[in-house]
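Asker: give the three-dimensional model of this entry:
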Amino acid sequence: MNHAALPEMVTLRQLRLAGVLPDNRGSAARAAKRKGWQLVRVLGNGGLQYAVHRDELSDADRTAFLRENMAVADAAATDVELWRRFNEAPHNVQAGAKRRLDYLNAVESRQAAGQSLYAATNEVAAEHGVSVGTIRRIVKIVRDVPRCDRLPALAKRYRGAAPNENAVSPEAWRYFLSVIERSSAPRPLKACFDDTAEAAELNGWAWPSYVTVWKRWHALPAGVKAKLRSGPKAQAKTIPPQQRFVGHLGSMQMVNLDGRRLDVFIRWEDAIISRPIFLAIQDVYSRKVLGWVLVKTEDSDSTKALLLAVMEKYGRFDVLLTDNSRAFSSNKIAGGAKTRYRWRKTVGVALGVLKRLGIEVIFATPRHGQAKPVERSFRDNSQLIDTLPEFKGAYCGNRPDAKPEDFTGTPIDIATALEVYGREIDAHNARPGRRTEMCKGKFSFNEVFAESYAKRPAHPLTEAQRRFFMLDAIMLTPQKNTGALVKDGFVYWSHETQDALLKHRERGVRVLFDPIDRSKPVMVEDINGRVIAESVPCMRPGKFDSTEDARTWARERARMKKADRHRIDALNLMGKTEFEALRKRAHAARPEPQPPAPQTNVTRPQFGALPGKPVSAVGSGKIGSDSFQESAARGIAKLKERKREAG
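Answerer: Here you go, the predicted structure:
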């Protein structure tokens, strides 16, 4: 704390305001005497005041005085709430506070020059054209306020008019918001207000004026209002998009793929007239368009051809970013990807060409064009290429209501379209001064791509990898007994690959075939991508009435049976005599079965014997019909005898 900033003489009043002395004048004077201060009278505040020399103050007293009177304060001493209200006040309120602070500083500067408060007040009021009472009120306001908080303290207590919450019935407000939310399209707020007013009158709800409702509605957060009036898409627009950077990437590390329908009608080689699809692959790092093609429809075969053309020219890339269209997320392209936002996820689905090459596939958020940088390039194509003079008359606009007046519907030839687009895409990549993150307003897409591509290791396609682009894949189950693979009337089977295929008849196999010529041999893999058979031929069907074809197949079948016999002979099986001798010897060596030892001394049950009576008294051990009849007769005789005694 800079104690040299203290005035030479400090009045007792200033010390009282700083909290160094008690508030009462008499108590303050007695406290000063107890401290041993030598008090002197000085001129100030329109008269004489008691003061003390600054050297007699302790360090704590000096610090307290400076914080209060010399605008030396720390963050804890600042009234945060006071400053918050000041910052929220309108500009005219803040300007008025600054003007009043200028008046106060003028008064204090004159007092420091030796004028009395009365004289300084009158002089400042006359100089600035305000009343003396205004200056006195300003001085009174800041009398007990630290100098660091004087500016917000001099601001008028401004508060915007808040809506009266009690004037709106909760049921009416809920009904009003429901009318807004359930409307098919955003309705005027006044119309929703009128609907609610009608319902409020019917139900006895409190419903204020439109101005009050308007203020309460606009007091809601922007996202809430957008969601209620227009839905989730409007709510999303109230949140700024995420800013993403690509400086950590490199050329061919990530590319994005997408398609766009041109705003131009063309005539194809087969005389069909349509608007073509522009498929393009763009490097994410440099924003260079690596390859493109014009096709009739967005299908997986055209996509495979474009991917192959780009990889043949620049090598394999690491990651592909695309959307979930039927072509880009098909099994041919992205089969085996973790998620595709499309199709039912099944086990054993055929791996797509990208997964076979070890390329990671990332699918952008559906229905969110901002996720793919190539969409920005498509906008340039729509504005700068489709509107060229070469397409005059064939350009139809990008919306039904944007069709130009000179549209005649006359298509242009596909050769002209390819020539124009090839020229303009090359100019698009070579245009300098691009304002992207990596071009920095100086370089072109080609320059940024070439600089990074020179540092990237080469990743050319091998012959085996090229073959993946030429083949399609399907899942088939080998037949139970033969192991043959049957699809659309084509049977793929060979005697050499039969055993390998039969091992997978439970889980199925993945068959890679040429979609142009289905009669060519196929490659077979298991569901994990391991090759089972490099080449399984297609069985040539024979004519029904051709004996030559039947003889040819009979000779082939005999050859295979003969090969199986040779394999069996190579196993060196036992002869009949040797086998039977070994079998008899094995049977003779078997031990004779022994009866099990008794587990108890009970041999058979004997019923009817009395306790303590020998078994022989019951009979000979055989329960016969005679002993039973005798026992029954004795029992009947005893019953008759008892009845006679009772009677």
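Asker: next, give phi and psi for residue 308.
Answerer: Backbone torsions for residue 308, taken as degrees, to the nearest 10, come to phi -60, psi -40.
Asker: show me the contacts for it.
Answerer: Counting by Cβ atoms under 8 Å, 6 or more residues apart in numbering, residue 308 touches 461, 466, 469. In this view, the C-beta of every residue, glycine as well, is placed from N, C-alpha and C.
Asker: quick check: closest non-adjacent residue to the last one.
Answerer: Same thing as residue 469. Distances taken as Cβ to Cβ, 6 or more residues apart in numbering place residue 308 nearest to residue 469, at 4.4 Å, with adjacent residues excluded.
Asker: distance of the one you found from residue 369?
Answerer: Remark: distance between residue 308 and residue 369 (Cβ to Cβ, to the nearest Å) = 26 Å.
Asker: with residue 278 instead?
Answerer: 15 Å.
Asker: looking at the two, which one has more neighbours?
Answerer: Neighbours of residue 278 and residue 369, each counted by other Cβ atoms under 10 Å, are more numerous for residue 278; the result is 25 against 14.
Asker: least trustworthy helix or strand in the protein by mean pLDDT?
Answerer: For the chain, counting by mean pLDDT, DSSP states H and E, helix 615-618 ranks last in confidence among helices and strands (a mean of 46).
Asker: near residue 176, how many other residues are there?
Answerer: 25.
Asker: that one: what's it in contact with?
Answerer: With Cβ under 8 Å, 6+ apart as the criterion, the residues that contact residue 176 are 192-193, 196, 213.
Asker: widest-spaced pair of the residues you listed?
Answerer: With distances taken as Cβ to Cβ, the most widely separated pair in the contacts of residue 176 is 192 and 213, at 9.0 Å.
Asker: thinking again about what came up before, quick check, nearest of the contacts of residue 176 to residue 133?
Answerer: Closest to residue 133 out of these is residue 213 (42.3 Å), distances taken as Cβ to Cβ.
Asker: what's near enough to touch the closest one?
Answerer: So residue 213 contacts 163, 168, 176, 189, 193, 196, 207 (Cβ under 8 Å, 6+ apart).
Asker: give the buried subset of the residues you listed as a ChimeraX selection command.
Answerer: To isolate in ChimeraX the members of the contacts of residue 213 that are buried, counting by 16 or more other Cβ atoms under 10 Å, one can use:
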select :163,168,176,189,193,196,207
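Asker: among the contacts of residue 213, which lie within helices?
Answerer: Members of the contacts of residue 213 lying in helices (criterion: DSSP state H): 176, 189, 193, 196.
Asker: what about the residue nearest to the last one when sequence neighbours are not counted, distance to residue 243?
Answerer: The shortest distance from residue 196 to any non-neighbouring residue, by Cβ to Cβ, 6+ apart, is to residue 176 (4.2 Å). Between residue 176 and residue 243 the distance is 38 Å, computed by Cβ to Cβ.
Asker: just the buried residues of the contacts of residue 308.
Answerer: For the contacts of residue 308, a neighbour count by 16+ other Cβ under 10 Å gives the buried set as 461, 469.
Asker: can you give me the helices for the stretch 151-300 of the chain?
Answerer: 170-182, 189-203, 210-218, 222-230, 232-237, 300-314 (DSSP state H, counting those that start in this stretch).
Asker: out of the ones you listed, the one nearest residue 130 is which?
Answerer: helix 210-218 (34.8 Å).
Asker: got the angle between that closest one and helix 222-230?
Answerer: Angle between the axes of helix 210-218 and helix 222-230 is 110 degrees (criterion: axes from the mean of the first three to the mean of the last three Cα atoms, to 10 degrees).
Asker: list the buried residues for helix 210-218?
Answerer: For helix 210-218, burial by neighbour count (16+ other Cβ under 10 Å) applies to 212-213, 215-217.
Asker: about what we covered before: redo the helices of the stretch 151-300 of the chain as CSV? Include distance to residue 20 and mean pLDDT.
Answerer: Formatted as CSV, these follow (distance: least, Cβ to Cβ, whole Å; pLDDT from 0 to 100):
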stretch, distance to residue 20, mean pLDDT
helix 170-182, 55, 93
helix 189-203, 60, 93
helix 210-218, 49, 92
helix 222-230, 51, 93
helix 232-237, 58, 89
helix 300-314, 80, 91
